[in-house]
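# Structure of the sequence below:
(5 chains)
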Amino acid sequence: MIAQNKGKLAVYWAASCGGCEIAILAIDEKILDVSKHFDIVFWPCATDGKVRDVEKMADGSIDVCLFNGGIRTSEQEYMARLLRRKSKVLVAFGSCASEGCIPGLANLSNRKEIFHTVYHETPSTENPKGVEPQHVTDVPEGKLYLPVFYDTLFTLDQVVDVDYYLPGCPPEAERIWDAITAILENKLPPKGAVIGANTTVCDECPRKRTEKKIRKFYRTWEIIPDEETCLLEQGLVCAGVATRAGCGAKCPKVNSPCIGCYGVNDGVVDFGARLMSALASVIDSDAPEEIDRIIREGIPDPAGTFYRFSLAHSLLRRKKKVPDEE
Amino acid sequence: MKYAYYPGCSLECNSAAYDHSVRAVADLLGIELREIDDWNCCGATEYFTQDELAACAVIARNLALVDPQLDQVVAPCAACYLNLRKVDHLMQENPELESKVNQCLAAGKLHYDPGRVRVRHLLDLIYSDFGEATLRDKVVQPLTGLRVACYYGCQIVRPFHGTDNPEQPTKLDEVFSWLGAEVVDFPVKAHCCGGHMTQISEPQAFEMIRRLLANAEEYKADVIVTMCPMCQLNLDAYQARVNGFFHTDYKIPIIFFTQLLGVAFGLDWKKLGFGKEIVPAEPVLRRKLTAVAAA
Amino acid sequence: MAEETFEPKIVGFLCNWCSYRAADLAGTARIKYPPNVRIIRVMCSGRVDPAFVLKALSLGADGVMIAGCHPGECHYIEQNYKAMRRYHMLKHTLRALGLEEDRIRLVWASAAEGQQLAEHIEEFVDDVRKLGPLHWPSNFQENGERWHAVEALAQEHAESLEVL
Amino acid sequence: MVGHTLELRGSPFLQEIIREVPGGERIVHCLQCGTCGGSCPNGADMEYTPRTILAMITANQRDKVLKANTMWFCVSCYSCVSRCPQKIPITDIMYGLKRISIREKAYQETDAPALAKTFTDLLDKYGRSFELGLASRYYLFNRPLAMLKMGPMGLSMFTRGRMSLTPTRIRNVDQLQAIIRKARELGGVS
Amino acid sequence: MAERVGVYICHCGSNIAGMVDVEQVAKWAGENLEGVVVSRDYKFMCSSLGQAMIEEDIKKHNLTHVVVGACSPHLHEKTFRKACQNAGLNPYLCQMTNLREHVSWVSRDREKATEKARALVAAAVERVKRQEPLQPLSVDVNPATLVIGGGIAGLQATLELADAGYPVYVVERRPSIGGHMAQFDKTFPTLDCSACILTPKMSEAGQHPNVTLYTYSEVDEVSGSVGHFRVRIRRKARMVTEDKCTGCGICVEKCPRKVVDEDFEAGFGYRKAIYTPFPQAVPRIPVIDVHSCIWFERQKCRACEKLCPTGAIDFEQKDEIIELEVGNIIVATGWNMFDCRRIPQYGYGRLANVFTALEFERMCNAAGPTNGKILLRDGKTEPQTVAIVHCVGSRDSNHNEYCSGICCMAALKFGHLVLEKTKAEVYSFYIDMRTNQKGYEEFYHRLLEEGMHFVRGKVAEVTDAARRPDEAGKLIVQVEDTLLGKQRRIPVDMVILMGALEPQTDAKELGLKLGISCSMAGWYTERHPKLDPVATMTDGIFVAGTCQGPKDIPASVAQGAAAAARVMGMITKRKVWIEPVVATIDESRCSGCRICNNICPYNAIEYDEAKGVSRVITAMCKGCGTCVAACPAGVISGAHFSNEQVFAEIEGILWDALQEEKKAEPQAVTG
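Predicted coordinates:
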């Protein structure tokens, strides 16, 4: 199992919360095994390393790059392209890099709206001059540049070619170790695959399931669900039916519906479409008004419900942009 | 429970007994009726004869004036009840009309979103929201021995279904049988009293009134209870003229259903507006009710 | 140049038994209707996966029509009701994504209703035409700034490297 | 254009009714079964039964219909509407015919238009109906003789406090009148 | 990729070529669409020459897939699949696209029509490249047949099949076969005695060696598909052991409990708690109605048990479940009468002398409650005037929009019976007199001659509220005589309401078990209203009689016989082929969420508790694809309509939009 020559590993953090970085450490003492087999050549969060060092590396000299986070700015896109060029294997690590995750929900807004909220509206903002970040700022010394903030958040594979995906928000430690083992043992699946299970959360969920019929969707605070029966059958929008297994059904096991952080199964192109279709199919009514009412009352935030993690990677990717008046 | 209340013109004066008894019974049942401030006449059938849009606008003004805190309005008069419901319905069904009516209302700085206010009749309220057990509970003076013909008329049961059966309604019958009355079969219970026909062609109007009185007599009713000021007026005030016209001798008291409800609940007869009817009701009621008490 | 009227591109998913045959009948009866709806045959409106609709929109369709047998007359007994439920669900979601409601439509047409189907198509094409082009892919195209910024960064780094 | 059958076919008078009455297009569904004519409490006294009127509308007999007494005998009891096997809004059609007939002064031998006019004038003026005013004005101008017969009844109503001598006026009469003016200005429901 | 696609664009004479530039489309496809190696246009693709051209190309160019742009696949899909098969290509690798019905015939503008044709061809090419070879499935046909419903339609079908030598199982929910026809006295227009023509058929069915009768039984569950249905039948507990009972009738005679017979006597007569519905019942084995039997009410009596000479009474009897295997099913479940109480203005239920048509049938029947005498509800008085009201609940959008078809004739029959048996005057109130079968119009003329009064008008109301002295004590029929244009009030003594024929109240439920659909009104839907009125959309299930729509006895019999003939056709074929367009679940990836379990109306998806996965029973799957679209995990695939195929079709159909978008997209300056 142990490679003769130590491999080279890079880890990068783009538009994400940082949880993925911590998740890597959650493999506990096995991190020592990692360092036994790999030289960490670039991991800004954990080690000191500079972009220019990477730029100086030969193309393809990094064996594995674990890239977490989506692409929100031109700098992140630059880094994605750079690391792609330098790495033999580029892994979209975690939900953000794979499908946009929570930052991807910003695709329900655009840059203007986001800046407005962040730099003007939030209660903690103190910005009397109404300053917003600008791509170019003129100073006496010349021009200063900031990365361009995109209107739309992209997933890693919408910007560069991705070799493997490791889903989850964040990926489970066991799954990370599985992936590392697969890399070490050179037992990687075909390129483009998701490293992990290919069933859904239901497979790992111990709850009792029967045939489904839903007359009313409940929000989590509305009922205390029975602990034995399928949450969906109790009217809770449990995304487990559409979500890739791998987490061990953590949420349903503590009486909380799955929210879908592990993304889709192989071959599925749009997480939201799958969940929508499945839920709609089992609504127990044939009257259009009633169906509409059940849906409107039970699912007040459909974009957030069906695309909580996958909006940026869905077929439509984002909310329709209102033509910019600028 | 709070409801907006639309008494309508008839209840102001010629059918004040209805208004008084409605308020008294509502009070007893804990129904809070809040009169719509500065309501106007619903236009009866006449306004629709003149100008449909103006008729709708005039009616919609009342709906627009309903306190935004309230979402149901009670209208005891059949014509008012129908008109309010009809305009709300027409506005819901017909977006073009809705926009025109709202343009009119805008001229008076008002607006009405169709569907906002649910128009209800007091009978439906009493029947559906209170029901048998509650009503039986409130009986002080059982109506045992009193033969009651329940007269529904037209516009409460038609054309909008759902309040009761449009042909042979039963809710009023059921309510009075709960209160101990002997409700007689009254096949013409949802037939027309003639409405404003009295003003247009008396022979036709009188014939329509006669049919009702004749049927009530055939089934030996002591009293006819109505839910509509127009029905009451036609059957009561015109009874003498009908008798004259056909050489008959009907003497059937015509009272509002809320008046008889009030009697059963032991309310003060004066407060219920007794004495305002032309064919006196009190003697018959007192005789029947005491005869049974004695027996 | 004369102003061209916008001709929307619409994908129509028609069930094999009723609505596809209704379209056949419209043809046989030589009923004319706008050419904008391009028909894809599915066995049942119940086969229409919301992803089909999203796919079509994401590729540049301006509208999507789903047609099935009338409620209660589904060739597969009741599967059109499932299409109806999904349609409502999908519309609900699309609203949240800022998409005009009129860009997707569910209609019923029995095999005998060539005329009705043609009317539905005509109406739908009109409605979508009024909404204008959708051009969904342009939604997530950043303007040229994106490429320049990335290029500029590369340039800047290259220059600073040379200095070192 | 794909054919829109209803708007293009049918007699001009039918088209007119369809424009005048919400739901008037249901007339084309009439089976001529006579449920309306049979149900009407005044059906026996009508020159033409409602069913016949519907047939006449379809046959474009406009003048004859507008002169008929049928609609003036309609008491808005809605029996026909409730029973009609084809869901035709017959009562509303009668209202529509009354309006056209009044507009064109086509009616014959009926005081109903005068009653309606007096009633709505009072409403426009006060915002409430005023029975004594209605009765006196209507009878005085239209049926002076009948007024004598009404005397005793009026008196008994009066003694029981069921007839008021003065009209009630709503507070915001201006607002009501503005609304009515606007309605007249917009003219018609369609 | 190794796909080698041939594209064939048909001119269809000038039908397509007149509006679509077919040459240009073919040329464009050959030059622009990936994988297309041959692209041709031809005058008539469906001609033998056209087919030969395709066959030749397949061989010569090693085509892997074929696209034909011509007419509707409903017309010629089979033709071109056959051509492919002849050339050794799996027929499912051929895709048709509809350039005639969907393009040329509905378009006005040649350029736009051509543009649309290009899109459809591109879609077909993209799709066909992803199509896979499929093999049709063959199934052996079990020669036994299940007939549901023992009325005249079901009996006719049963006897035709049994006489042809095939086993038939008849399931009838009532205690006896015979259906509604057994209740009637006379049949129109010949006035044959209903019992005289029906009872021989009933006893023949009862004694036929090939017929097994399950009376007082219902279909619980149907599974399987054409050729091999599995049926579970519930034999309701009769409380009488069938093989011991001789049908002597002592038990019925001695039973002390008499109740109103709501079923056979339509509420007009009485029966005992243990009863056979009528004397000629088949089988003649009585049943105990546990809801009225004194023993079940208060554990007393058991008189029948004590007196039964063969000890056939068994109070402990339980429902019994029987499992059958049949190849085909004939549904002949009949109709129900409209509840006349739903039209209160006709007074049924309130006015004693208002009768329903079924009550009146029983009244006329010599074996009925009045021994065939026409009497008022008091059982003594003969009516002087009788009104027959047509269209009660029919032709009325408040109830049933359809015409029940038979009531006009039944009303004439009733009129005749009243005129024959009494001195009464008879009025018929009709909207339109519908007498459009052989001998029917003549019967109408006969009644005109016999002096029946006909008033054209739908009755507004029947009331006892008299207005004139001559109305007192009578029922008054108020109606507009539409031919006079006058409202009339006609006092009568008896009113007969011709209630509508309605589908059985549980027709939808049974339809779900069988996997056949109902119209909006609730009648079973035939495969084709003109050309296939006997089959249903579900192979192996046929309909006969009124369950498919209102009809009279001759039509029911004809349809019963036709259904039997169709079944015989299936049996003699021995094997049936099933389209391989079915769904499959990848069990290795199924997590058993059970979303799909409830979705299949054919119950073709079963759940394996042990493995925790769902599975499609291929033979039962009809290929609608609804489960494919519903599967949240994406593990159900639909043959011939897979996601990949449809996605490819969408991409193809929007090829021009895609190109426009690509043009509009700003490009990276460098890679």
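
# number of nearby residues for residue 151?
Looking at chain A here, since you left the chain open. 23 (other C-beta atoms under 10 Å in any protein chain shown). Bear in mind the C-beta positions are built from the backbone N, C-alpha and C, glycine included.

# try again with chain D
9.

# Phi and psi next, for it.
phi -50, psi -60 (degrees, to the nearest 10).

# Which helix or strand contains residue E:125?
Secondary structure assignment for residue E:125, by DSSP states H and E: helix E:110-128.

# Tell me the bridge partners for the residue positioned nearest the centre of chain C.
Nearest to the geometric centre of chain C sits residue C:64, at 2.4 Å (C-alpha atoms, centre = their mean). Taking DSSP bridges as the rule, residue C:64 bridges to residue C:11, residue C:104.

# could you say which helix or strand contains residue 132?
You didn't say which chain, so I picked chain A. Residue A:132 belongs to no helix or strand, assigned by DSSP H and E.

# not what I meant, chain B
Counting by DSSP H and E, residue B:132 is part of helix B:131-138.

# Could you tell me how far that helix lies from the centre of the chain?
Put simply, helix B:131-138 sits 21 Å off its chain's centre (C-alpha atoms, centre = their mean, to the nearest Å).

# So what touches it?
B:28-29, B:126, B:174-175, B:178-179, B:264-265 (C-beta atoms under 8 Å, 6 or more residues apart in numbering or on different chains).

# quick one: which of those residues is nearest chain C?
The shortest gap between chain C and any of the contacts of helix B:131-138 belongs to residue B:174, at 35.4 Å (C-beta to the nearest C-beta).

# where's the closest one relative to chain A, distance?
Note on residue B:174: its distance to chain A, by C-beta to the nearest C-beta, to the nearest Å, is 30 Å.

# what about the most centrally placed residue in chain D, distance to chain B?
Chain D has residue D:95 as the residue nearest its centroid, 3.8 Å off, counting by C-alpha atoms, centre = their mean. In this view, residue D:95 and chain B are 5 Å apart by C-beta to the nearest C-beta.

# looking at chain D, which helix or strand does the model trust least?
helix D:5-8 (a mean of 53; mean pLDDT, DSSP states H and E).

# count of residues packed around the residue nearest to residue E:258 when sequence neighbours are not counted?
Nearest non-adjacent residue to residue E:258, counting by C-beta to C-beta, 6 or more residues apart in numbering or on different chains: residue E:270, 5.0 Å away. Around residue E:270 there are 11 other residues, counting by other C-beta under 10 Å.

# Average pLDDT for the helix holding residue B:132, rounded please.
In this model, helix B:131-138 has an average pLDDT of 92.

# which parts of that helix are buried?
Across helix B:131-138, burial judged by 16 or more other C-beta atoms under 10 Å in any protein chain shown covers residue B:135.

# Format the CA atom coordinates belonging to that helix as PDB.
Provided in PDB are the C-alpha atoms of helix B:131-138 (Å, rounded to 0.1, in the frame of the first residue of the first chain):
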ATOM      1  CA  GLY B 131     -75.100  23.100  16.000                       C
ATOM      2  CA  GLU B 132     -77.600  21.000  17.800                       C
ATOM      3  CA  ALA B 133     -76.000  20.500  21.200                       C
ATOM      4  CA  THR B 134     -75.300  24.200  21.800                       C
ATOM      5  CA  LEU B 135     -78.700  25.300  20.700                       C
ATOM      6  CA  ARG B 136     -80.600  22.700  22.700                       C
ATOM      7  CA  ASP B 137     -78.500  23.800  25.700                       C
ATOM      8  CA  LYS B 138     -79.800  27.300  25.400                       C
END
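
# Going along the chain from it, find the next helix or strand for me.
Immediately after helix B:131-138, counting by DSSP H and E, sits strand B:147-150.

# which neighbours does that next one have in its sheet, and in what orientation?
Strand pairing (DSSP bridges) places strand B:147-150 next to strand B:182-183 (parallel), strand B:223-226 (parallel).

# Other residues contacting the last one?
Outside strand B:223-226, the residues within contact range by C-beta under 8 Å, 6+ apart are B:146-151, B:153, B:172, B:176, B:212, B:216, B:232, B:235, B:252-257, B:259-260, B:281, B:284-285.

# among the residues you listed, which ones are buried?
Applying 16+ other C-beta under 10 Å to the contacts of strand B:223-226 flags B:146-151, B:153, B:172, B:176, B:212, B:216, B:232, B:235, B:252-257, B:259-260, B:281, B:284-285 as buried.

# Excluding covalently adjacent residues, which one is nearest to residue E:91?
residue E:81 (3.5 Å).

# I'd assumed residue E:92 was in contact with the one you found.
Yes. Residue E:81 is within contact range of residue E:92, at 7.4 Å (criterion: C-beta atoms under 8 Å).

# Isn't residue E:615 up against residue E:608?
Yes. Between residue E:615 and residue E:608 there is a contact under C-beta under 8 Å: 5.9 Å.

# which of these two has more neighbours?
Counted by other C-beta under 10 Å, residue E:615 and residue E:608 do not tie: residue E:615 has more neighbours, with 15 against 12.
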